[in-house]
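In: Sequence first, predicted model second:
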Amino acid sequence: MAGFSVSRYAPEERSVWAKLTARDSVVRRLDWPLLGSALALSFVGSLLVWSATRNRESLTHGDPYFFLFRHALNTGIGFALMIGTIWLGHRTLRGAVPVLYGLSVLLVLAVLTPLGATVNGAHAWILLPGGFSLQPSEFTKITIILGMAMLLAARVDAGDQLHPDHRTVAKALGLALIPMAVVMLMPDLGSVMVMAVIVLGVLLASGASNRWVFGLLGAGAAGAVAVWQLGVLDDYQIARFAAFANPALDPAGVGYNTNQARIAIGSGGLTGTGLFNGSQTTGQFVPEQQTDFVFTVAGEELGFLGAGLIIVLLGVVLWRACRIARGTTELYGTIVAAGIIAWFAFQSFENIGMTLGIMPVAGLPLPFVSYGGSSMFAVWVAVGLLQSIKVQRPMSA
């Protein structure tokens, strides 16, 4: 349209055109490979969850589509939360971090009160009306990332200093330590492990002194020994580590989950037995297959190629997140993206690794794939943060 000029229109028309142009710019600047990969993972996850639960009448109450619809609903709500996060923008949320952080701490504290409930052996949930439940630790991962990023980047983005000083780093670590200590009291060891990796990733991205990084690693090792010696962990958690160290230990008991998971994955071969045709899945040999062990359904029914596709899609999500982290010109955005990368990477590795027997069982869902509302909502909010960082960066970046 040669010679087109917005100035030809009346002020109210120019305002409408500016809004339409802004919306179009947002859509064009979204990271579509990231969004497409996340959607593909959620779609594959819905099929795997359906396959794992359609014959389990004790879970579905006679409705074979129960978990399929719930997983689709969770994905839809998560997608809406992503859109809301993009609309608000990570910079707007930066100003709301104190409120969000305070709410997340109150929620994890609520788990330790009579409001808390035990689900699948983990006292980490709050039961809601209508048969729904909330796992506050999933949202705490987000607030730790945002809170630490706000503190570590404040003076750097303002141009007052090149790197966070020691006092700022100490404050950021204290901010992360409070909810981590509460979650450890549940005890939810898997979530604490993820949070610890997030903290490490955030520090590395912030440009903090290496002394803090090495000090954190040393403190983590000392803390692990202290937790073990003080008896903070429940007996079933200690047994999981013992089974990891010795796979032959109690194969019909504590080692049962891992052994059945490896059998299921190994029986899939290259192309799998076909969706809904896995004998291990149909026979309900693998516990919690719709949540923590959903990868075993992919290994058995979709084979090495199908399971490999899931890993490739997760790799694309991490690759695009890394590009977003490198492309932004503000330290705050870089730190937020780095925290999400550390979260997704470790949780994916831990989940898949425990089904293969190369990592201890820690009760962590596979991002975008496993059934679970709290986890699904949290990872889609994280995608919204990544998209906001990309959309709001300067056009030249």
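Out: Received, thanks.

In: nearest residue to residue 338 other than its sequence neighbours?
Out: residue 205 (3.4 Å; Cβ to Cβ, 6 or more residues apart in numbering). From N, CA and C alone the C-beta is placed, and that goes for glycine too.

In: neighbours around the one you found, how many?
Out: The local packing of residue 205 (other Cβ atoms under 10 Å) involves 22 other residues.

In: need the contact list for it.
Out: 325, 334, 335, 337, 338, 339 (Cβ atoms under 8 Å, 6 or more residues apart in numbering).

In: per-residue confidence for the last one?
Out: With respect to pLDDT, residue 339 has a value of 97.

In: Check the third one too.
Out: At residue 335, the predicted lDDT confidence score is 95.

In: Tell me where the protein has strands.
Out: Counting by DSSP state E, the chain has strands at residues 116-119, 122-127, 133-134.

In: so of these, which one's packed in deepest?
Out: Highest mean neighbour count among the strands of the chain (mean count of other Cβ atoms under 10 Å): strand 122-127, with a mean of 19.

In: Please state the offset of it from the chain centre?
Out: Relative to its chain's centre, strand 122-127 lies at 18 Å (Cα atoms, centre = their mean, to the nearest Å).

In: got a list of contacts for that strand?
Out: Taking Cβ under 8 Å, 6+ apart as the rule, strand 122-127 contacts 107, 110-111, 115-119, 133-137, 183, 186-188, 191, 363.

In: That one - what's its average pLDDT?
Out: 79.

In: what about this protein, any weak spots by pLDDT?
Out: The chain contains residues with pLDDT under 70 at 1-24, 120-121, 130-131, 224, 227-255, 393-397.

In: still on that earlier bit, now tabulate the strands of the chain in a markdown table and tack on distance to residue 73.
Out: Listed next are the strands of the chain as a markdown table, based on distance: least, Cβ to Cβ, whole Å:
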| stretch | distance to residue 73 |
| --- | --- |
| strand 116-119 | 19 |
| strand 122-127 | 18 |
| strand 133-134 | 14 |
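
In: between those strands, which gets nearest to residue 282?
Out: Closest of the strands of the chain to residue 282 is strand 116-119, at 24.7 Å (criterion: Cβ to Cβ).

In: which strands and helices sit next to that closest one?
Out: strand 122-127 (3 or more Cβ pairs under 8 Å, 6 or more residues apart in numbering; DSSP states H and E).

In: Sheet partners, orientation included, of the strand it packs on?
Out: Partners of strand 122-127 in the sheet, by DSSP bridges, are strand 116-119 (antiparallel), strand 133-134 (antiparallel).

In: My read is that residue 152 contacts residue 201, right?
Out: No: applying Cβ atoms under 8 Å, one finds residue 152 not in contact with residue 201, separated by 12.0 Å.

In: Nearest residue to residue 284 in space, please, no chain neighbours.
Out: residue 56 (6.2 Å).

In: I misspoke; the intended subject was residue 141.
Out: residue 343 (5.7 Å).

In: Likewise for residue 188?
Out: residue 124 (4.4 Å).

In: what do you get for residue 84?
Out: Residue 84 sits nearest to residue 384 (Cβ to Cβ, 6+ apart), 7.1 Å away.

In: and the one you found, how many residues sit next to it?
Out: With other Cβ under 10 Å as criterion, residue 384 counts 24.

In: do the same with residue 25
Out: Considering only other Cβ under 10 Å, residue 25 is surrounded by 11 other residues.

In: ok, it to residue 304 distance?
Out: 42 Å (Cβ to Cβ, to the nearest Å).

In: Is residue 207 in contact with residue 165, as I believe?
Out: No: Residue 207 lies out of contact with residue 165 (Cβ under 8 Å); the separation is 10.9 Å.

In: Excluding chain neighbours, give the residue nearest to residue 46 in space.
Out: residue 71 (4.8 Å).

In: now do residue 184
Out: residue 192 (5.1 Å).

In: for residue 201, same thing?
Out: Closest to residue 201 by Cβ to Cβ, 6+ apart is residue 342, at 2.8 Å.

In: List the contacts of that neighbour.
Out: Taking Cβ under 8 Å, 6+ apart, one finds 197, 198, 200, 201, 202 in contact with residue 342.

In: same check, this time on residue 270
Out: So residue 270 contacts 303, 304, 305 (Cβ under 8 Å, 6+ apart).

In: The same query, at a cut-off of 6 Å, please.
Out: 303, 304 (Cβ atoms under 6 Å, 6 or more residues apart in numbering).

In: Give me the distance between it and residue 49.
Out: For residue 270, the distance to residue 49 - Cβ to Cβ - is 23 Å.

In: and what of residue 109?
Out: 31 Å.

In: Compare these two (neighbour count), which wins?
Out: Per other Cβ under 10 Å, whichever of residue 109 and residue 49 has more neighbours is residue 49, with 25 against 16.

In: The more buried one contacts residue 70, correct?
Out: No: here residue 49 does not reach residue 70: they are 8.5 Å apart, not a contact under Cβ atoms under 6 Å.

In: residues near the residue nearest to residue 184, how many?
Out: Residue 192 has 22 nearby residues by other Cβ under 10 Å.

In: show me the contacts for it.
Out: 180, 183, 184 are the contacts of residue 192 under Cβ under 6 Å, 6+ apart.

In: Nearest to residue 82 among the residues you listed?
Out: residue 183 (24.5 Å).

In: how far away is the closest one from residue 66?
Out: 30 Å.

In: burial measure for residue 58, as a count.
Out: Neighbour tally, residue 58, other Cβ under 10 Å: 7.

In: Please report how far it lies from residue 370.
Out: Distance from residue 58 to residue 370, by Cβ to Cβ: 19 Å.

In: Tell me how far residue 38 lies from residue 316.
Out: For residue 38, the distance to residue 316 - Cβ to Cβ - is 9 Å.

In: ugh, wrong one, I meant residue 379
Out: Applying Cβ to Cβ to residue 379 and residue 316 gives a distance of 14 Å.

In: Over to residue 260?
Out: From residue 260 over to residue 316 (counting by Cβ to Cβ), the distance is 30 Å.

In: The two: which is more packed in?
Out: For residue 260 versus residue 316, the count of surrounding residues by other Cβ under 10 Å is larger for residue 260: 21 against 17.
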